[in-house]
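Chemist: Let's see this in three dimensions:
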Amino acid sequence: MTFEERKDGAAEDGEGDLMVTARHDRRLSRASVKFFQVETSMRNLSIGSASDGGLVDSEGKVRDEYILQRQSVNRPTKLNKIPLLCDLTTSGQITHVDGWVFAMLLVSGFAKMSSKTNELNTINVFPIADGDTGANMKVCLKLPVRNLLLKPNDNIMTASREMAADVLLNGQGNSGTILSHFFVEFAEAVREAGVAMDDAVPNPVQGTLLSVCRDALVGLEKQRPFATLDVLLKAMHKSCQSELAKTPDQLIVDGVKVLEKAGVVDSGAQGFAYLAEGMYLASIGELPNVEPRLFHTATLTTSDDSPPISVDHTVCDSKYRYCTEAVVMLKEGVTPNVVFDRVQKAASQEGIGDSSVFVKGFDMVKIHMHTNDPDQLFDILQPFNRDPILKKEKVEDMLDMRESMHGDETLDLADAKFTIMGLCSYILPKSTHDLDELHTLPIFGVPSTTQEPIDMRFVSDEDVCVILNQQRHKDTAIRYTTAAPNPMQLKIEILAALTKGKPLLVFLFSADKRISATGRNTMVAIDMLEDEQKKLVKVFVHGWTFYEQPFLTEAIKFAEGGKSIDEAIEACKEIGDHCFSFSNFVTSSSVRKLMAWRPGMFPEGFTVEDNSFIAFGLPVTTRDVVMPLAERVGKLMTVQNKAVSMADLQDAEIARVKDNLKPDETLSKVIVQTIGRIDIGHKFLQKMKDANVPMMDDVELSVCNAGIFAAVVSAWGEMSAVYVVKKV
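Modeler: Sure, this is the predicted structure:
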């Protein structure tokens, strides 16, 4: 393991919590594959003087202005080299752990654990096999560890305290939340960390991350004192491995040793053991080099070096659908125990959920629960929160995640006669993202803080959650714009798609340079191809901006069925010309944001009332007359309904859909895309069923969360629904 030495202890070109001024020279065009496929390049930054006192003040309270700034994935983080704050290979001479040693230990542990993300996702079976343990543990530590490098501090109390506050904000999922509790307790006292962790979970289960953290540290306690750091790290590694090996025998659910039956150890406990192993390997010089891209936002996911694992993912199930989390900033006079008692009562007596995990730190409380109604949990917590909205919310559909990871219904396009390119990974369910036959147009999101483009194809769901929560708060929200790929970048993508030797169907909402730079540059890129290559590329322009889901899903269905590219185009044309409709449910603040971004999409004199909810859309019926492509964009901002709440707006739109449909019409597809709150999309579909909205017996219903693209024009809790209308 090698690091670049920095004698002053500062991360090179990193800004920590310092004032940063980005250079305002023109953003250069970058055509390299590495830029838009591997990582987000960063410009040089000039660093001003620091005037802040850190994340946590002297009274142990978190400074509001830094909470989401520190966890933002868009903070300038040009770590060209990982700074050498200390040399862990000299751990045989280290007798005291200061803030710099602490930082290097965490970097090393995180590097090892991060390299095993896929393995940890695969062996995740308890409490439900939703395949996200590795991702959750990685997101728990990624930004906090990065922050240790951006603003290194040799004081162990300061470093551990700010690390604790960071992980409390970033920890998610069962494993991530429990891991964050470990570091919060570490900030109080390492010796007491293991014993206090039982407080995080009302009904702790043996054979999990919690028990391995606790028992491994208890084992270390019996071996004290440790003369040098290397002796401690070796003992910790050995203790973690010993406790990890016990988990298959310890974790018992309804009388069944579920880990033993599945053939795995506990995934969260394994992740913690990898943390300890990474620290130990660094001390003996056997940890591979740690690369700065480990902390970048938009990078290609690389497979780890783990061998294939055979796992029974059916050993556990849950009666609750949503993994739900919140961070509460406590009101003056409210204690964490008051919040914990109320949530525990809701879980145990009112039956709103299970798998409750509580973490308290400073004046914040983190709550994790599995529930079928996230709003119930959020409503319980809001009265304890000092701000109008919770500091952080997160909702994940565990059942959908399990089906995507381990379900039997696998989409197979290996025998397809053509491949597809469009907005695929931005708007299609996650289960389609790894298909070699689907290619996504590169589009870049540009945050106002850095003016550096982020390749939106490679931003993880976890980073999207962080960004959207940042956007929920006025003090931390920033402006995002989009940047189109240049023709050379698009040509490279098209050539990559053509390597399969099949025709390529490219979807665009417009090829008019006045409307879409991406469409314009795509047509230029195609024109740059050789004549034989051009013959393999066909473009379908649908005209309905980013509502591309029905066209992509129709093309995928035709590709899977062995149909030709021309048959797929004809089916998509039928939808776009005659059957397409939609509802877009937005807040008044998002409308204003969109008006500032694309004023030409709105009629002259358009206004919107404060604190209102608006539904834009088209009549939900078939169209006999084909609407010209040039006119379609102008119809997207047609107001259909207004309401004082999202729930009321949903009810109004469902009534409109029923009223619009003619007696001989029905819905063949309803595709819902949500902004962070996937539960709202499922509620909408259930409302449609309860209202007896006409649908075909084999109607295609789907709900998925939007990616980072949502940060440009949407807000947390909004949604859209796309309808395909068919005549009976």
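
Chemist: The stretch 401-550 of the chain: strands as residue ranges?
Modeler: Taking DSSP state E, counting those that start in this stretch as the criterion, the stretch 401-550 of the chain contains strands spanning 419-422, 438-440, 444-447, 454-455, 480-483, 504-508, 537-541.

Chemist: got it, and the stretch 601-728 of the chain?
Modeler: Taking DSSP E, counting those that start in this stretch to define them, one finds strands in the stretch 601-728 of the chain at 613-617, 639-643, 665-674, 695-705, 719-727.

Chemist: what's the first one packed up against?
Modeler: Counting contacts by 3 or more Cβ pairs under 8 Å, 6 or more residues apart in numbering; DSSP states H and E, the secondary-structure elements packed against strand 613-617 are strand 580-587, helix 588-597, strand 639-643, helix 646-660. Where C-beta positions appear, they are placed from N, C-alpha and C, glycine not excepted.

Chemist: try the longest one
Modeler: Helices and strands touching strand 695-705, by 3+ Cβ pairs under 8 Å, 6+ apart, are strand 665-674, helix 678-690.

Chemist: just these: most buried one?
Modeler: strand 665-674 (a mean of 22; mean count of other Cβ atoms under 10 Å).

Chemist: What strands flank that one, and is each parallel or antiparallel?
Modeler: Strand pairing for strand 665-674, determined by DSSP bridges: strand 695-705 (parallel), strand 719-727 (antiparallel).

Chemist: Most tightly packed of those strands?
Modeler: Counting by mean count of other Cβ under 10 Å, the most buried of the strands paired with strand 665-674 turns out to be strand 719-727, with a mean of 23.

Chemist: contacts for that one?
Modeler: By Cβ atoms under 8 Å, 6 or more residues apart in numbering, the surrounding residues in contact with strand 719-727 are 547, 549-550, 575, 579-585, 620-622, 653, 657, 661, 664-675, 677, 680-681, 684, 696.

Chemist: tell me how far stretch 710-728 is from the chain's mean position?
Modeler: Put simply, stretch 710-728 sits 19 Å off its chain's centre (Cα atoms, centre = their mean, to the nearest Å).

Chemist: begin at 32 from here
Modeler: Fine by me, first position is 32 from now on; the one you just mentioned is stretch 741-759.

Chemist: rewinding a little: quick one: closest of the strands of the stretch 632-759 of the chain to Ala190.
Modeler: strand 726-736 (34.4 Å; Cβ to Cβ).

Chemist: got the angle for the closest one vs helix 709-721?
Modeler: Going by axes from the mean of the first three to the mean of the last three Cα atoms, to 10 degrees, strand 726-736 is angled at 170 degrees with respect to helix 709-721.

Chemist: Next, report how far strand 726-736 is displaced from the centre of its chain.
Modeler: With Cα atoms, centre = their mean, you get 24 Å for strand 726-736.

Chemist: Using PDB, list the CA coordinates for it.
Modeler: What follows is strand 726-736, C-alpha atoms only, in PDB (Å, rounded to 0.1, in the frame of the first residue of the first chain):
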ATOM      1  CA  MET A 726     -56.800  -1.600 -17.600                       C
ATOM      2  CA  MET A 727     -56.000  -4.600 -19.700                       C
ATOM      3  CA  ASP A 728     -55.800  -8.000 -18.000                       C
ATOM      4  CA  ASP A 729     -52.100  -8.200 -18.800                       C
ATOM      5  CA  VAL A 730     -51.400  -4.500 -18.200                       C
ATOM      6  CA  GLU A 731     -47.800  -3.600 -17.700                       C
ATOM      7  CA  LEU A 732     -47.400  -1.800 -14.400                       C
ATOM      8  CA  SER A 733     -44.000  -0.600 -13.100                       C
ATOM      9  CA  VAL A 734     -42.600   1.800 -10.500                       C
ATOM     10  CA  CYS A 735     -39.000   2.900 -10.300                       C
ATOM     11  CA  ASN A 736     -37.000   5.800  -8.800                       C
END
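
Chemist: ok, back up a step: arrange the helices and strands packed on strand 726-736 in a markdown table, one row each, with distance to Ile739 as further columns.
Modeler: Shown next, in a markdown table, are the helices and strands packed on strand 726-736 (distance: least, Cβ to Cβ, whole Å):
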| stretch | distance to Ile739 |
| --- | --- |
| strand 696-705 | 13 |
| helix 709-721 | 16 |
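
Chemist: I'd assumed Trp131 was in contact with Ile187.
Modeler: No. Using Cβ atoms under 8 Å, Ile187 is not in contact with Trp131; the gap is 9.1 Å.

Chemist: wait, is Val396 part of a strand?
Modeler: Yes. Assessed with DSSP: H, G, I helix; E, B strand; the rest coil, Val396 lies in a strand.

Chemist: Tell me who's in contact with it.
Modeler: Counting by Cβ under 8 Å, 6+ apart, Val396 touches 358-359, 361, 367, 370-371, 389-390, 415.

Chemist: Can you name the residues bridging to it?
Modeler: Here Val396 sits in beta bridges with Val359, Lys391, going by DSSP bridges.

Chemist: And it, how close does it get to Asp372?
Modeler: 12 Å (Cβ to Cβ, to the nearest Å).

Chemist: For Ala304, which of the helices and strands packed on strand 644-648 is the nearest?
Modeler: Set against Ala304 and scored by Cβ to Cβ, these come closest in helix 677-691, at 43.3 Å.

Chemist: For the closest one, buried residues please.
Modeler: By neighbour count with 16 or more other Cβ atoms under 10 Å, helix 677-691 contains the buried residues 677, 680-685, 687-688, 691.

Chemist: For that helix, what does the pLDDT average out to?
Modeler: Mean per-residue pLDDT for helix 677-691: 97.

Chemist: In PDB, list the C-alpha atoms belonging to it.
Modeler: Extracted in PDB, the C-alpha atoms of helix 677-691 (Å, rounded to 0.1, in the frame of the first residue of the first chain):
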ATOM      1  CA  MET A 677     -49.800  15.300  -3.500                       C
ATOM      2  CA  ALA A 678     -52.400  12.900  -2.300                       C
ATOM      3  CA  ASP A 679     -55.300  15.200  -3.400                       C
ATOM      4  CA  LEU A 680     -53.500  15.700  -6.700                       C
ATOM      5  CA  GLN A 681     -53.200  12.000  -7.300                       C
ATOM      6  CA  ASP A 682     -56.900  11.600  -6.600                       C
ATOM      7  CA  ALA A 683     -57.800  14.300  -9.100                       C
ATOM      8  CA  GLU A 684     -55.600  12.900 -11.800                       C
ATOM      9  CA  ILE A 685     -57.000   9.400 -11.300                       C
ATOM     10  CA  ALA A 686     -60.500  10.900 -11.700                       C
ATOM     11  CA  ARG A 687     -59.300  12.700 -14.900                       C
ATOM     12  CA  VAL A 688     -57.900   9.400 -16.400                       C
ATOM     13  CA  LYS A 689     -61.200   7.600 -15.800                       C
ATOM     14  CA  ASP A 690     -63.200  10.500 -17.300                       C
ATOM     15  CA  ASN A 691     -60.900  10.900 -20.300                       C
END
